[in-house]
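Engineer: here is my input; please provide its structure:
(one chain, ligands or ions: 1)
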Amino acid sequence: MRMTKKVTAMALASMMALSLAGCGSSSTTATTAVATEAAKETTAAATEAAKEAATTAAAAAATTDVADKKVGISIYKFDDNFMTLYRTELVRYLTEDLGFKAENVVVQDGKGDQAEQTNQIQNFITQGVDVLIINLVQSSAAEQVTDQCAAANIPVVFINREPDATEEDRWAADGIAATYVGADARQSGKYQGEIVLATDNKGDFNGDGKVSYVMVMGDPENVDAKYRTQYSIEALTEGGMEVEKLDEQRGDWDQAKGQEIVANALTAHGDAVEVVFCNNDAMALGALQAIETAGRKVGEDILLLGVDALTEALQNVQDGKMTGTVFNDHIGQSHAAAEIAGKMA
Ligand code: GAL
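Structural biologist: Numbering: from 1, shown residues only. This is a model prediction of the structure:
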């Protein structure tokens, strides 16, 4: 499933229209290579609308079947902006659109602790849930969790943190009722790079022929961190720019860590920092605080990129305080996960 879109101030209005048209889509491709190309967006919106109609029909058909089915959900941690949007929409869609009873949808906070989450899953199994939706704390725990569920004959839908290919191959080979729903993080990385390429100086403020950047990475337990890091820079080099990495640090998707990392990088490298890439918006919001404290101005002497399209980040893009963000479609992803879970249950 691929659900990302570039967001710059110019593209914002049309992007919002498209994202609304995309509500209710399941395993869709909602991409816009150049966000300002109205024609492409119209086509994409039409496709999304058709898919939405199909999804609504599927949802209506599912309603009668799932009324007594129980869903156990565990989120890697509640204290995460994007996963909070995702979780809220997931529960809303399961109960309001797919017909699960509210008391049959239970959500637990993994608190960033795999042992705690594994216990929660065991409790769900003991309580006899019909299906599990799991946002793993550690992707590497997928094999153990899958075996736990398979032994109890309970299907599992993994979301957001993708298990490795070997594990996914095993599900297919052994006929295990497990699946994964997520967005393609390669695309969000690539779009970040393309947003930089679309600016006047392509991120080279001092005209030395290279883009000197700071990379603020998410938690490497989510492949999104690896791919966004890699593909944002690859887009720049493929676009003909030379790059210089001044710093790369792990910020675990966290705003306070994003602020600290960028504050340190600006102290160490000063004006040499031309672009700050953040693997998500929460860290970009932190980075913006550090940029402002250092007296730098986004768009004038530095660029700042995020991913997720959180409301606050969209506002910053509109106000010129962030160069861009990339839409991470929590609506499409949560709906797809809910529908697959409904079918598996
Ligand atoms: C990413 C998202 C981040 C964070 C992370 C959690 O897809 O962009 O903001 O929520 O998932 O695994």
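Engineer: average model confidence for whatever helix or strand Gln122 lives in?
Structural biologist: Assigning secondary structure by DSSP states H and E places Gln122 in helix 114-127. Mean pLDDT, computed over helix 114-127, is 97.
Engineer: how about it, does it reach the ligand?
Structural biologist: No. Counting by Cβ under 6 Å from any ligand atom, the ligand has no neighbours in helix 114-127; the shortest distance is 13.0 Å. Heads up, the C-betas are built off the backbone N, CA and C, glycines and all.
Engineer: next: stretch 156-174.
Structural biologist: Yes. Stretch 156-174 is in contact with the ligand by Cβ under 6 Å from any ligand atom, via Asn160, Arg161.
Engineer: ok, now stretch 134-141?
Structural biologist: No. Residues of stretch 134-141 are not located near the ligand by Cβ under 6 Å from any ligand atom, the shortest gap being 7.0 Å.
Engineer: cool, stretch 295-308 as well?
Structural biologist: Yes. Judged by Cβ under 6 Å from any ligand atom, stretch 295-308 comes into contact with the ligand at Val307, Asp308.
Engineer: related to what we said a few turns ago, and the helix holding Gln122, what does it pack against?
Structural biologist: If you count contacts as 3 or more Cβ pairs under 8 Å, 6 or more residues apart in numbering; DSSP states H and E, helix 114-127 packs onto strand 71-75, strand 105-109, strand 131-134, helix 142-151.
Engineer: most tightly packed of these?
Structural biologist: Mean neighbour counts were compared across these using mean count of other Cβ atoms under 10 Å; the top stretch is strand 131-134, at a mean of 27.
Engineer: other residues contacting it?
Structural biologist: Residues outside strand 131-134 that contact it (Cβ atoms under 8 Å, 6 or more residues apart in numbering): 69-74, 90, 117, 121, 124, 145, 149, 154-159, 337-338, 341-342, 344-345.
Engineer: TSV please, covering the helices and strands packed on helix 114-127 and showing distance to Asp174.
Structural biologist: TSV is the format used below for the helices and strands packed on helix 114-127 (distance: least, Cβ to Cβ, whole Å):
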stretch	distance to Asp174
strand 71-75	22
strand 105-109	27
strand 131-134	18
helix 142-151	8
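Engineer: can you redo the ones you listed as a markdown table with mean pLDDT?
Structural biologist: Converted to a markdown table, those look like this (pLDDT from 0 to 100):
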| stretch | mean pLDDT |
| --- | --- |
| strand 71-75 | 98 |
| strand 105-109 | 98 |
| strand 131-134 | 98 |
| helix 142-151 | 98 |
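Engineer: ok, the closest residue to His335 other than its chain neighbours to Ala337 distance?
Structural biologist: Among residues not flanking His335 along the chain, Tyr93 sits closest, at 5.4 Å (Cβ to Cβ, 6 or more residues apart in numbering). Note on Tyr93: its distance to Ala337, by Cβ to Cβ, to the nearest Å, is 9 Å.
Engineer: list the contacts for the residue lying closest to Glu143 once chain neighbours are set aside?
Structural biologist: Once flanking residues are discounted, Glu143 sits nearest to Glu167: 5.4 Å by Cβ to Cβ, 6+ apart. Contacts for Glu167 (Cβ under 8 Å, 6+ apart) come out as Ala142, Glu143, Thr146.
Engineer: for Tyr93 and Ala337, indicate the residue with more neighbours.
Structural biologist: Neighbours per residue (other Cβ atoms under 10 Å) separate Tyr93 from Ala337, with Ala337 holding more: 29 against 22.
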